[in-house]
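> missing the sequence, but the structure's below:
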DNA sequence: ATTTTATATTGCAATATTACGATATAAAAC
DNA sequence: GTTTTATATCGTAATATTGCAATATAAAAT
């Protein structure tokens, strides 16, 4: 036990969970917000922006990249990261679904 | 080490991370999708809908409730859970921010 | 009052995550 | 070619999460 039983859920549910999980850490939220703020891929200064050691930041970047929320390419000595649109598109579908539901929802029993 | 350094990030970043973390498990996505499907709070059958033991489901429901994504009230023997709008509203603000950014974004360097 | 039914809590083992020092890698600058 | 600079990987300790059996709770039905 301890391991998530991914095979018991749909691909869709697992995909969404992986994306949400990647967003589930303040450092990773901070990274995404910073990437949006600077709006450029020449970003070799993410480490300086965060209150964490370099290996930790590197690890968080890797997780965001694995989840498909950012993309990065080698740019000389630096690595160039930026927001990856398709990753967010998937979460948006889910949220649009929820928003639609909440708009239509009439039951108020709780 | 091992514990997230929440005090190094903004309240906003921590709040968002907590919400996203709560969404970061396929069972909890499944619960939310089921609650939307049935669109009613008379839901004493969540356990039967999931491929997990009763204590595990109870634990996931608790986490969703703590995060503010669902709400529940006692309804006789059963407990009545449903989607909690304010919780989702917070995440939506973040996503609208991202959507706006992606729409305006012009840099295509990666 | 006892039994049934639905849910919560406790305790614990298995696994995952977080964080960072030490070290590796690899291109740029000298 | 050595040094610098930027990032990644490895190893590992601390902590968190996941899952469930066992047990507790508490209202409903008998």
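Arrived safely. The structure presented is a predicted model; accordingly, all values stated were derived computationally and were not measured.
> in terms of secondary structure, what does the one helix or strand residue A:17 maps to contact?
Using DSSP states H and E, residue A:17 sits within helix A:11-23. On a contact count with 3 or more CB pairs under 8 Å, 6 or more residues apart in numbering or on different chains; DSSP states H and E, helix A:11-23 meets helix A:26-38, helix A:54-67, helix A:85-104, helix B:11-23, helix B:26-38. (Each C-beta comes from the backbone N, C-alpha and C, glycine too.)
> can we see that at 6 Å?
Under the contact criterion of 3 or more CB pairs under 6 Å, 6 or more residues apart in numbering or on different chains; DSSP states H and E, helix A:11-23 touches helix A:54-67, helix B:11-23, helix B:26-38.
> can you tell me the residue of chain A closest to DNA strand C?
When scored by CB to the nearest atom of the strand, chain A has residue A:2 as its residue closest to DNA strand C, at 1.8 Å.
> which helix or strand in chain A has the lowest average pLDDT?
In chain A, no helix or strand scores lower on mean pLDDT, DSSP states H and E than strand A:70-75, which sits at a mean of 78.
> and residue A:87, what does it touch?
Applying CB atoms under 6 Å, 6 or more residues apart in numbering or on different chains, we find residue A:87 in contact with A:68-69.
> what's the pLDDT at it?
At residue A:87, the pLDDT value in this model is 88.
> mind checking how far it is from residue B:11?
25 Å (CB to CB, to the nearest Å).
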